[in-house]
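J.: take a look and give me a structure for this.
(2 chains)
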Amino acid sequence: MSAAVEDTFESAGRRSLTLPFTGIWRNGLFAAGTWALTAVLTYGLPDVITWGATELFAAAALVGAGIFLALSVTVHRLGSVGRTLVHYGPWFIVLGLWLAVWEVLTAKLGWLPKPFFSPPQGLLHVYVTDWDRLLICIAYTGRLWGLGFFSGILVGFAGGVALGWSKRFAYWGMPLLKLIGPVPASAWIPCTFFIFPSTFHASIFLVALASGIPVAILTAAGVSQVNRSFYDVARTLGADNRFLIFKVAIPASLPNVFVGLFMGLYYSFAVLVVAEMLGAKFGLGWYLQFNTAYSAYANVYAALIIMALICAGLVRLLFVARDRLLGWQKGIL
Amino acid sequence: MALALAEANPIESIALDVEGVSHRYDVDGKDLQVLDNVSLTIAPGEFVALLGPSGCGKSTLLRLAAGLETATVGKVLEDGRPITAPNPDRILVFQDATLFPWRTVRDNIAIGLEARRLLDTKGYRIDEVLKLVKLEGFADFYPHQLSGGMAQRAALARALVNDPKLLLLDEPFGKLDSLTRLRMQNELLDLWKSAGFTALLVTHDVEEALLLADRVIVLSDRPASIVAEIRVDRPHPRRRDDATLVALRSQLLEKLGISHDV
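T.: Okay, the predicted model is just below:
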């Protein structure tokens, strides 16, 4: 609760002044320490199970420690980037510790055995040895996701506006949407095989469906909830239906649309694995299944981390887009 | 007759005729009558106040005049022509400013011109009305950054930029604090005098009606019918302790069913 209150104060631009620090960034020093610990443990203790990339991982951790050491005296010269780094200082410390514990429990003591668990060096080994295939998979998944997501949200948005605006459209469309909405993506596979000319089209359809439905539902809700007096005002000022839809209904419902977009983004990632079951030759989802089948869980974890990072990056982009389009909401929320 | 008057008037304004209007709403299947055989005539350039208890149907009359709805029975005419649809010649200003929160003050004021594709030829009017309502410095502010009085002034500017011939005001100052309300009443009066539009003000504030209007029409409780009509022949600016106004005030309060001196 108090954190939420602090957030509101910060977003209102009211931040109490702190003295500019010029000395040493203590958390940076600690982070350098924990990362160095990881490096020492990785290099110094013998591997119980061979994972490869032991020296490389130790070196990488050491480089990390070196960077934090350098940052601990220079971070205050980096402006806003520096402030962000300082903000996440405690995370860097814990991350170093986490890597050390993870490394010891898996590779060094073997308490968490192969193949179910992988130490960080095992993941690094996957990235180093299988990077070319991973890159191709990222490209394939990117193509499928991009085509599916954008066609999905486009149709979902247009359909949502129609559903929210027209009573007749809502009469026929809403019950259908409510029926289709909860059906899991995999249930569509038999139909899609029949309807679509290729499995790739079918995969696109599944991703589009997953991302389009929440956008459609929330857009429809947003458009139908627009304050009636906005329409009255616009009509007395001479607005026609076109103006009412594009200049009143749509901008007024954008906050809802963005909630739908966030949901659609998460659903679209969740459905990727299913979509790539349909005879895909490459792709992160395919990579996950392929390696699960061979119990190569290190590869599975490595691909999962990539997916999580991409998804987080896209969410971040969506936030930027939202803040630009919905800047007028500041102070209302 | 009304047409001739409009033509004779150098400033553009219109006459409004309400002829035997009754209006009903269907509320959850129940028939609700809000207006009962209301007839009134407003001359071009006149300032008329409609006074009545809350929820009596005053606002409905304005919605009919704006063309947002059509009367169940009877006719509403502008310069003798029936009103069937909204038209920027007749603009309604609501109790809430209802500015579009996603548009800046300037863009809110531009809505009428934008909707009629007049932005290129008439865009210069925006700066004029901004000055008129003293919001020059706030053109790029968003509505949530404005105070209640400023928002209501912006709403007024949004109406005035279209050069309305009839301004319909639905308790426009009802939610403002009393000091702001006094200031806004004077500003409205100045605008009315300089722009020359016909004004129809709905209010439940007796003093506001007396300070502003040429004529005060008292409506009964729902379904509203006309109870009394009082001409206020006093020059502007009026003082609220003017003896004539004080007398009219108790007269109006009596018509509204409040007989004691309040």
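
J.: for B:R158, give me the pLDDT.
T.: We have a pLDDT of 92 for B:R158.

J.: the strands in chain B, which residues?
T.: B:16-27, B:30-42, B:47-51, B:73-78, B:81-82, B:90-93, B:166-170, B:198-203, B:215-219, B:226-231 (DSSP state E).

J.: report the longest helix in chain A, please.
T.: Identified as the longest helix of chain A according to DSSP state H is helix A:120-165.

J.: same for that helix, what does it pack against?
T.: helix A:54-74, helix A:89-103, helix A:167-180, helix A:199-224, helix A:250-275, helix A:284-293, helix A:297-325 (3 or more CB pairs under 8 Å, 6 or more residues apart in numbering or on different chains; DSSP states H and E). Every residue, glycine included, has its C-beta placed from N, CA and C.

J.: show me the contacts for the residue of the stretch 151-262 of chain B found nearest chain A.
T.: The minimum distance from the stretch 151-262 of chain B to chain A, using CB to the nearest CB, falls at B:N162 (6.6 Å). B:N162 is in contact with A:L237, A:G238, B:P88, B:D89, B:I91, B:G112, B:L113, counting by CB atoms under 8 Å, 6 or more residues apart in numbering or on different chains.

J.: what about 6 Å?
T.: B:P88, B:G112 (CB atoms under 6 Å, 6 or more residues apart in numbering or on different chains).

J.: and it, what are its phi and psi?
T.: Per-residue torsions, B:N162: phi -90, psi 10 (degrees, to the nearest 10).

J.: same thing with B:V161?
T.: Dihedral angles for B:V161 - degrees, to the nearest 10 - are phi -60, psi -20.

J.: ok, now the one 3 residues further on?
T.: Note on B:P164: backbone dihedrals following degrees, to the nearest 10 are phi -70, psi 150.

J.: give me the beta-bridge partners of the closest residue to it other than its chain neighbours?
T.: Residue nearest to B:P164 in three dimensions, not counting chain neighbours: B:I91, with 4.3 Å by CB to CB, 6 or more residues apart in numbering or on different chains. Partner residues in beta bridges with B:I91, using DSSP bridges, are B:L167.

J.: now do the helices in chain B.
T.: B:2-8, B:58-66, B:105-109, B:111-115, B:119-122, B:124-132, B:148-160, B:178-195, B:206-212, B:243-255.

J.: may I see the ones you listed organised as CSV, with distance to A:K178 added?
T.: Formatted as CSV, the helices of chain B follow (distance: least, CB to CB, whole Å):
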stretch, distance to A:K178
helix B:2-8, 55
helix B:58-66, 35
helix B:105-109, 37
helix B:111-115, 35
helix B:119-122, 42
helix B:124-132, 45
helix B:148-160, 39
helix B:178-195, 48
helix B:206-212, 50
helix B:243-255, 55
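
J.: mean pLDDT for those helices: which is lowest?
T.: Among the helices of chain B, helix B:2-8 scores lowest, at a mean of 41.

J.: re the thing from before, okay, the helices of chain B in a markdown table with distance to B:D17 and mean neighbour count next?
T.: Shown next, in a markdown table, are the helices of chain B (distance: least, CB to CB, whole Å; neighbours: other CB atoms under 10 Å in any protein chain shown):
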| stretch | distance to B:D17 | mean neighbour count |
| --- | --- | --- |
| helix B:2-8 | 7 | 13 |
| helix B:58-66 | 10 | 23 |
| helix B:105-109 | 30 | 23 |
| helix B:111-115 | 25 | 23 |
| helix B:119-122 | 29 | 12 |
| helix B:124-132 | 29 | 17 |
| helix B:148-160 | 22 | 24 |
| helix B:178-195 | 20 | 16 |
| helix B:206-212 | 21 | 23 |
| helix B:243-255 | 23 | 15 |
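
J.: with distance to chain A as added columns, please give those helices in JSON lines.
T.: Formatted as JSON lines, the helices of chain B follow (distance: least, CB to the nearest CB, whole Å):
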{"stretch": "helix B:2-8", "distance to chain A": "20"}
{"stretch": "helix B:58-66", "distance to chain A": "5"}
{"stretch": "helix B:105-109", "distance to chain A": "9"}
{"stretch": "helix B:111-115", "distance to chain A": "4"}
{"stretch": "helix B:119-122", "distance to chain A": "12"}
{"stretch": "helix B:124-132", "distance to chain A": "13"}
{"stretch": "helix B:148-160", "distance to chain A": "7"}
{"stretch": "helix B:178-195", "distance to chain A": "17"}
{"stretch": "helix B:206-212", "distance to chain A": "21"}
{"stretch": "helix B:243-255", "distance to chain A": "29"}
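
J.: ok so, going back, can you tell me which of the helices and strands packed on helix A:120-165 is most buried?
T.: helix A:199-224 (a mean of 24; mean count of other CB atoms under 10 Å in any protein chain shown).

J.: how distant is whichever helix or strand comes after that helix from the center of its chain?
T.: Using DSSP states H and E, the helix or strand that directly follows helix A:199-224 along the chain is helix A:228-236. Helix A:228-236 sits 39 Å away from the centroid of its parent chain (CA atoms, centre = their mean, to the nearest Å).

J.: what packs against helix A:228-236?
T.: Using 3 or more CB pairs under 6 Å, 6 or more residues apart in numbering or on different chains; DSSP states H and E, no helix or strand is in contact with helix A:228-236.

J.: angle of it against strand B:166-170?
T.: 170 degrees (axes from the mean of the first three to the mean of the last three CA atoms, to 10 degrees).

J.: show me what counts as buried in helix A:228-236.
T.: A:F230, A:Y231, A:D232, A:V233, A:A234, A:R235, A:T236 (16 or more other CB atoms under 10 Å in any protein chain shown).
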